[in-house]
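K.L.:
dropping the sequence and predicted coords here.
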Amino acid sequence: MNIAVNMALANEMSGMEREAPIEVVKQSNLTEHIRQLEQAVLQTDASVVITSASGIVQFVNPAFERNSGYSANEALGRRPRMVQSGEHSSAFYSELWETLGNGQPLHATFTNRRKNGEIYHEETTISPIRDSGARITHFVATGHDITSRIHAERRLSLISKHDGMTGLPKRSLLMERMEQIIGRCRQNAQRFSLLLVDLDRFKRINDALGKSVGDKLLVKVAKRLVENVGAQGWVARLGGDEFTIILENLDYTMAVEELANALVFAFSRPFEIDGRFHYIGISIGITTFPDDGDDTESLLRRADIAMYQAKSLGRGTCVHFSPVMEGAIQEDLAIEVSLRSALDNSEFEIHYQPVIRPEDRRIVAVEALLRWHSPQHGTVPPGRFVPMLEESGMIGAVGRWVLETACSQIKAMEHPGEDPLILAVNLSGRQFRDGNLISDIRDILLVSGLAPGQLELEITESILIEDASAAGRTLEALSALGIRLAIDDFGTGYSSLSYLRRFPINTLKIDRSFVIEMEESTDAVAIIKAIIGLADNLGLEIVAEGVETVHQLAQLSGFGCRKVQGFLFSRPLPLAELTKLLKSPVQKFDSFLKENDKASSSKSFLQA
């Protein structure tokens with residue numbers, strides 16, 4: 001062993017001797033202790049390096065030689081920086097020497113470089129060695145090679161931060177990457193863009209075909225995104241059917257939107273899974289740093305807002321965030337807060353739109369439509385607050401109130417017609433699936449006194465398709481109460497006509513979109529004729545919605561449609577106005593129709 005080491009060890013041993021009177025330690029014992037310590041240092045798996053106080057290497061053990069690749073002869077007389085990897089900052093070394101200079105031991109993990117250039121990692125403790133006068137004469141560094149452990153931890157980290165199904169980075173890695181990019185862009189005054197990609201109607205495929213097909217589709221979606229983005233960006237899976245793309249090298253808005261539009265177009269091609277083709281589009285929200293946000297949370301949140309704006313525009317498109325969108329979101333939140341107390345504060349009102357029998361201009365039914373008069377927000381359109389009722393779960397309580405109130409009001413109303421006035425009420429999907437629906441309606445009819453045959457519940461085709469067997473049981477139970485059942489917006493949904501034979505349906509309501517297009521579209525005319533013919537063959541009644549012109553009325557009558565509703569006759573009316581209208585509907589409708597009769601084809605119908 002090098003004499004410097006012996007001196008260092010002797011100094012250390014002299015420190016040990018202070019624990020007991022020195023006279024009891026014989027010279028032979030001291031020599032034996034030094035020999036044992038020398039063998040321990042030579043044979044240990046820990047790397048040992050002893051340097052002078054100025055940092056010159058004076059001793060290395062065999063473990064150091066194995067770990068570093070440098071022999072003792074190559075290391076002695078040099079400084080330990082021979083194994084530096086360059087991966088530690090100058091601040092790291094400044095702190096190291098400050099600690100050692102203060103005479104304190106240092107514990108750190110070093111990333112070093114072997115003689116052959118390979119990187120290895122050591123957990124190292126550097127301790128000062130003092131002489132009998134407490135002066136630092138040497139430093140001893142002991143290190144354990146933890147390269148295998150570091151690699152294992154990194155592999156685990158890589159696995160934990162990557163999606164096991166698609167192989168894409170997960171949310172945690174996305175957040176880390178964005179923080180790094182934001183820091184770099186702040187320092188260099190650069191920009192980058194974030195794309196939030198959401199699949200359109202993915203839930204429909206997942207529910208209809210099963211999770212295994214949905215998972216296979218997600219894998220193919222991830223692959224198509226990566227292929228089309230290429231080296232221009234970095235793709236991650238945010239969760240569920242949402243993906244993100246970071247575009248760091250595309251500084252211009254036009255280039256970003258061109259890529260986003262190219263992605264939308266790429267998803268117009270079908271995906272083949274298990275021999276079948278499936279179509280699924282994407283909606284994209286775009287934000288840019290620092291224009292749309294200067295931190296990760298703001299950029300993601302506003303990209304989400306832009307993405308939902310893209311969906312509201314009809315899906316299959318991309319939208320760049322603007323502050324106006326955020327203002328609308330904040331307004332929606334304020335409206336939702338007010339909506340939660342609307343029922344308790346009696347802010348809801350029911351309006352009724354008449355259903356007319358054109359042949360005698362008589363009101364044969366009314367459809368109950370919910371209206372909300374908010375003290376804070378004024379009269380809020382149903383298209384805005386009804387979806388909020390659905391999403392928040394408030395639709396159950398509000399829907400029950402509508403049924404209770406409408407049944408009581410129609411029962412109390414005097415109707416001069418020969419037949420009882422039919423009350424049509426829409427049921428949401430959540431209401432229809434409520435296990436208490438049957439008992440609730442039974443109680444409402446009992447309390448209000450309305451005859452079951454006067455109540456017609458309207459549901460959409462999609463409700464029937466979601467769970468046909470459960471829907472069938474509910475419809476049979478409602479029919480057993482004597483309640484009428486109608487399919488609303490018929491022709492716009494799945495149109496699996498088998499349920500018309502299986503379920504106890506009484507009425508089909510032709511969606512207003514077909515009526516509006518009827519004057520210009522032969523396809524719309526053909527669909528309406530087909531629906532009316534189908535209803536006639538099955539013994540079902542037909543109601544055409546959205547009738548706004550005399551010409552539409554004449555056409556529908558010629559096709560055999562016997563019931564209509566729409567602004568041509570009346571907008572939805574408050575109860576008091578409906579009561580007035582019921583007293584003289586024929587005179588009012590005749591006067592109105594004659595004033596609006598502009599088409600010669602309609603005159604013969606009105607005079608008949």
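P.N.:
Yes, it's here. Numbering: from 1, shown residues only.
K.L.:
all strands for the stretch 301-450 of the chain, in order.
P.N.:
318-320, 348-357, 362-374, 378-380, 422-426 (DSSP state E, counting those that start in this stretch).
K.L.:
centre of the chain versus the longest one, how much separation?
P.N.:
Read that as strand 362-374. 35 Å (Cα atoms, centre = their mean, to the nearest Å).
K.L.:
how about the first one?
P.N.:
On the basis of Cα atoms, centre = their mean, strand 318-320 is displaced by 16 Å from the centre of the chain it belongs to.
K.L.:
related to what we said a few turns ago, dump the strands of the stretch 301-450 of the chain to TSV, plus mean pLDDT.
P.N.:
Listed next are those as TSV, based on pLDDT from 0 to 100:
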stretch	mean pLDDT
strand 318-320	93
strand 348-357	96
strand 362-374	95
strand 378-380	93
strand 422-426	96
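K.L.:
out of these, which gets nearest to residue 565?
P.N.:
strand 348-357 (4.6 Å; Cβ to Cβ). For glycine as for every other residue, the C-beta is placed from the backbone atoms N, C-alpha and C.
K.L.:
hey, C-alpha coordinates of that closest one in CSV?
P.N.:
What follows is strand 348-357, C-alpha atoms only, in CSV (Å, rounded to 0.1, in the frame of the first residue of the first chain):
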residue,chain,number,x,y,z
PHE,A,348,-89.4,27.5,-14.3
GLU,A,349,-92.6,27.8,-16.4
ILE,A,350,-94.2,25.4,-18.9
HIS,A,351,-95.3,26.7,-22.3
TYR,A,352,-97.5,24.6,-24.6
GLN,A,353,-97.3,24.3,-28.3
PRO,A,354,-100.6,23.2,-30.0
VAL,A,355,-100.8,20.2,-32.2
ILE,A,356,-103.4,20.9,-35.0
ARG,A,357,-105.6,18.7,-37.0
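K.L.:
tilt between it and strand 422-426?
P.N.:
With axes from the mean of the first three to the mean of the last three Cα atoms, to 10 degrees as the basis, strand 348-357 and strand 422-426 are set at 130 degrees to each other.
K.L.:
and strand 348-357, what other elements does it pack with?
P.N.:
strand 362-374, helix 395-412, helix 575-583, helix 585-595 (3 or more Cβ pairs under 8 Å, 6 or more residues apart in numbering; DSSP states H and E).
K.L.:
pipe the strands of the stretch 301-450 of the chain into TSV and attach mean neighbour count and distance to residue 404 per row.
P.N.:
What follows is the strands of the stretch 301-450 of the chain, written out as TSV (neighbours: other Cβ atoms under 10 Å; distance: least, Cβ to Cβ, whole Å):
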stretch	mean neighbour count	distance to residue 404
strand 318-320	23	42
strand 348-357	21	10
strand 362-374	21	11
strand 378-380	13	22
strand 422-426	22	11
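K.L.:
kindly reformat those as a markdown table containing distance to residue 165.
P.N.:
Output for the strands of the stretch 301-450 of the chain, formatted as a markdown table (distance: least, Cβ to Cβ, whole Å):
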| stretch | distance to residue 165 |
| --- | --- |
| strand 318-320 | 25 |
| strand 348-357 | 45 |
| strand 362-374 | 43 |
| strand 378-380 | 42 |
| strand 422-426 | 40 |
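K.L.:
hey, least reliable of the helices and strands packed on strand 348-357 by pLDDT?
P.N.:
Note on these: lowest mean pLDDT is at helix 585-595, with a mean of 61.
K.L.:
I figured residue 504 hits residue 486, correct?
P.N.:
No. Between residue 504 and residue 486 there is no contact under Cβ atoms under 8 Å: 11.2 Å.
K.L.:
quick one: which of the two has more around it?
P.N.:
residue 486 (23 against 13; other Cβ atoms under 10 Å).
K.L.:
so what are the sheet partners of the helix or strand that one falls within and their directions?
P.N.:
Assigned by DSSP states H and E, residue 486 falls within strand 484-490. Strands that pair with strand 484-490, judged by DSSP bridges, come out as strand 455-460 (parallel), strand 507-510 (parallel).
K.L.:
hmm, which helix or strand of the protein has the shakiest average pLDDT?
P.N.:
helix 600-607 (a mean of 36; mean pLDDT, DSSP states H and E).
K.L.:
sorry, back to before: save the strands paired with strand 484-490 as a markdown table, and put in distance to residue 565 too.
P.N.:
Shown next, in a markdown table, are those (distance: least, Cβ to Cβ, whole Å):
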| stretch | distance to residue 565 |
| --- | --- |
| strand 455-460 | 12 |
| strand 507-510 | 9 |
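K.L.:
out of those strands, deepest packed?
P.N.:
strand 507-510 (a mean of 24; mean count of other Cβ atoms under 10 Å).
K.L.:
ok, which stretches of the stretch 151-300 of the chain are helices?
P.N.:
171-188, 202-209, 211-229, 253-266, 296-312 (DSSP state H, counting those that start in this stretch).
K.L.:
of all those, which one is nearest residue 438?
P.N.:
Nearest of these (Cβ to Cβ): helix 202-209, 25.2 Å.
K.L.:
find the residue closest to the residue nearest the centre of the chain in space, skipping its chain neighbours.
P.N.:
Residue closest to the average C-alpha location in the chain (Cα atoms, centre = their mean): residue 242, at 6.0 Å. The shortest distance from residue 242 to any non-neighbouring residue, by Cβ to Cβ, 6 or more residues apart in numbering, is to residue 198 (5.2 Å).
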